[in-house]
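Asks: No sequence on hand, only this structure:
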C-alpha cells in the first residue's frame, strides 16, 4: 500500500442545466490537476448539470406551475446514466489523466420509471472503469422536489493503493448513523461534495475528521448568477438575487481536525494537498471509533445494504 497521495479538490461551477458545459469543465480541471501531479480529483455536489440554487421550479404547497415542469424536464435531459455514454467518456478522461475521479452528478434512474433523478457521487478509476456510485439517502429540504431517495446498496467504499475512499453528500454528513456506517467500512478518505457555503459547514468537516480519524475532502461550487441560462422558464425567480449565489468554501481537513488547506471562498480554484495515510494510523492511537473506542456490547448498528425492490415479477 502506498502511504501518500496527492489530492485535488475543485471549486467551480458549470453553466446550469447544461451537461456539455459540465463535461468541458471536468475535462479542463482534471487535466490541470493531473499536470500538477494529482492522483485523486474531486468535484462538487451535482456538478453535472449544476445545483439549481434559488429556484422553486414553480412549486407551492398544493400546486406546480408549467414553467417549473419545463425547467425540470431540462434538468432531467442534462442528467446522466450510470453506466452510459457520459460515464464512458469520463472513464477515458480518468484513464488519460491516470487519476481516481470523483464527481457529483445528477443520475437518471436506469431501471424503473426512467424519470426519477438522484443526487449521486460517481467514482471512476485510473483504468477508466466505473468503480461505484453513491445515491444521497435523504435529499435536503426542497431538494426532495428534484431527487429521489437512495438506499443502502450504494454506501460505497473504494479500495485504492492509498487507502479506502467513500463519501456522503452534504447534509448526509449530519446523519450520525450514516457516518458510523462509513467509519465501519474502514474509511481513510471521506469525500463530502456539498452545496453548503456557511461558516458552520467548516466545523462539521473538522468534527467528522476528528470523529472518523480520516481525511475529509469537501468540494463546493462557486456560483455566479451568470452561470444560469437566461432562457430558463423560471429565470425570474433569481433575477433580483445577488451576483454571487454560492461563495464556495471547499477545504481539506486532516485526521486530527486541522485544516490542511483552509476554506476557499469567493472564487473558482483548485486545492492541492499531499495526504499521508500514516497520519490516519497515528491519529487512531487514542481514538478509534470502530475499534478500541467502541462499545459493541452497549451500542449496535444494523445497516440494510440490500437493493430496494419496487416490484417483483415471478
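Replies: Looks like it arrived, so ask away. These numbers were taken from a predicted model, which means no experiment stands behind them.
Asks: Was I right to think residue 220 contacts residue 202?
Replies: No. At 10.8 Å, residue 220 does not count as touching residue 202 under the criterion of CB atoms under 8 Å. (Glycine included, C-beta is placed from N, CA and C.)
Asks: the more surrounded of those two?
Replies: Under the criterion of other CB atoms under 10 Å, the comparison of residue 220 against residue 202 puts residue 220 first, with 31 against 17.
Asks: In contact with the closest residue to residue 7 other than its chain neighbours, which residues?
Replies: Once flanking residues are discounted, residue 7 sits nearest to residue 40: 4.4 Å by CB to CB, 6 or more residues apart in numbering. Contacts here follow CB atoms under 8 Å, 6 or more residues apart in numbering; on that basis residue 40 touches 5, 6, 7, 8, 99, 100, 102, 160, 162, 165, 189.
Asks: rerun at 10 Å
Replies: Going by CB atoms under 10 Å, 6 or more residues apart in numbering, residue 40 touches 5-9, 33, 99-102, 126, 160, 162, 165, 189, 191, 217, 273, 275.
Asks: The helix or strand of the chain with the lowest mean pLDDT packs against which elements?
Replies: Lowest on mean pLDDT, DSSP states H and E among the helices and strands of the chain sits strand 59-60, with a mean of 89. Packed against strand 59-60, as judged by 3 or more CB pairs under 10 Å, 6 or more residues apart in numbering; DSSP states H and E, are the following elements: helix 66-77.
Asks: what about residue 207, which helix or strand?
Replies: helix 200-212 (DSSP states H and E).
Asks: State the mean pLDDT of that helix.
Replies: Mean pLDDT, helix 200-212: 98.
Asks: quick one: buried residues of that helix?
Replies: Residues 201, 202, 204, 205, 206, 208, 209, 210, 211, 212 are the ones in helix 200-212 that count as buried (16 or more other CB atoms under 10 Å).
Asks: about what we covered before: which residues are in contact with each of residue 220 and residue 202?
Replies: 196, 249, 251, 263.
Asks: Adding secondary structure and neighbour count, write the residues you listed out as a markdown table.
Replies: Conversion of those to a markdown table gives the following (DSSP: H, G, I helix; E, B strand; the rest coil; neighbours: other CB atoms under 10 Å):
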| residue | secondary structure | neighbour count |
| --- | --- | --- |
| 196 | coil | 20 |
| 249 | strand | 25 |
| 251 | strand | 26 |
| 263 | strand | 21 |
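Asks: any idea which of these is closest to residue 24?
Replies: For the shared contacts of residue 220 and residue 202, the residue nearest residue 24 by CB to CB is residue 249; the value is 23.9 Å.
Asks: List the contacts of the closest one.
Replies: Here residue 249 is in contact with 11, 194-199, 201-202, 205, 218-222, 262-266 (criterion: CB under 10 Å, 6+ apart).
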